[in-house]
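Colleague: only geometry, no sequence info:
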Ligand SMILES: [Zn+2]
């Protein structure tokens, strides 16, 4: 089941209640958990909502719980609003934390983190006459293709001179590699991991064009049939790589700040830049949270308590500032990096590498 999480996030980030009412319910349910957390949260939220919000909450929760009953045993993210006639469910193969959030827009932070941490990739395991290609999305593996070279069956060897045999064998391997290359060219994810026993995988890599070589993020030595080890190792390496990428992004941010280049840091600067669509990479400390206020009418967001909207004078609602920043970032196609890097916390827990800068 391959779904485009990036697209789903983008869609969800564009949805909000124009009157800033708490009409969107977001529920994250881990398949391992019991429903006790849900009952508790439902009870708490229901008693805190205003009358019209309450009606919407009760109706939306009914739909959500019906859906949950029919879909036990799956990790799920569900977004619903009866008032807006909206329902969206996203099955997830990776573990999530239970949560129920009532807000004026879908709560997407957990999904954004999953997208950052579980980059889809293509896994190729090959030797000189066999290749298996897997696509791995959100930790779920699907075999996509099996390719093999049939020219070099051992029994054909009889009667040929050693030199002729070697020549034909070489040609057959070249043809086979080029088949695998063509498949990758048209089907592979942005990131590719190459695996297999012995030196063949390196020879294969060497014959690939540059644009494909650059997409190979790791090479793993493993037997053709040991898929279990291979998958485990692939995930380990990718998570390491994700850490490295986050760290590199923080380093890049620091360098840009030093030369007063394409960077912003700290809550206010980053918020303004994200809203203007200037941010290319948004860096957020993993568990950073800030309370603030939002006017959905003007999309004005301020950290801390504010009484009225400074632009239209209208009412504001309490908001999770980081969640709002993430939503702005998704709407403007910024890439998100969640990180534990201490240097980011020194810079105000949040920052952005910019696409451009006003003079
Ligand atoms: Zn306003």
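Modeller: Ah, there it is. Small disclaimer: the values here were computed from a predicted structure and weren't measured.

Colleague: and the helix or strand containing residue 283, which strands flank it?
Modeller: Under the criterion of DSSP states H and E, residue 283 resides in strand 279-285. For strand 279-285, the paired strands and their directions (DSSP bridges) read strand 335-339 (parallel), strand 350-354 (antiparallel).

Colleague: ok, which stretches of the stretch 101-250 of the chain are helices?
Modeller: In the stretch 101-250 of the chain, the helices defined using DSSP state H, counting those that start in this stretch lie at 109-117, 162-187, 200-207, 210-213, 227-258.

Colleague: TSV please, covering the ones you listed and showing mean neighbour count and mean pLDDT.
Modeller: Placement of C-beta: from N, CA and C, glycine included. Formatted as TSV, the helices of the stretch 101-250 of the chain follow (neighbours: other Cβ atoms under 10 Å; pLDDT from 0 to 100):
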stretch	mean neighbour count	mean pLDDT
helix 109-117	20	92
helix 162-187	14	90
helix 200-207	16	95
helix 210-213	11	96
helix 227-258	16	92
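
Colleague: figure out which of the ones you listed is closest to the ion.
Modeller: helix 109-117 (23.6 Å; Cβ to the ion).

Colleague: who does that closest one touch, helix- and strand-wise?
Modeller: In terms of contacts (3 or more Cβ pairs under 8 Å, 6 or more residues apart in numbering; DSSP states H and E), helix 109-117 is packed against helix 5-13, helix 227-258, helix 321-331, strand 335-339.

Colleague: mind listing residues that contact that helix?
Modeller: 5-6, 8-9, 12, 28, 77, 90, 92, 94, 96-97, 99, 138, 239, 242, 286, 320, 322-323, 326, 330, 336-338 (Cβ atoms under 8 Å, 6 or more residues apart in numbering).

Colleague: list only buried entries from those residues.
Modeller: 5, 8-9, 12, 28, 77, 90, 92, 96, 99, 138, 242, 320, 322-323, 326, 330, 336-338 (16 or more other Cβ atoms under 10 Å).

Colleague: and residue 277, its phi and psi?
Modeller: When read as degrees, to the nearest 10, the backbone of residue 277 gives phi 80, psi 20.

Colleague: now for it: which residues touch it?
Modeller: 332, 355.
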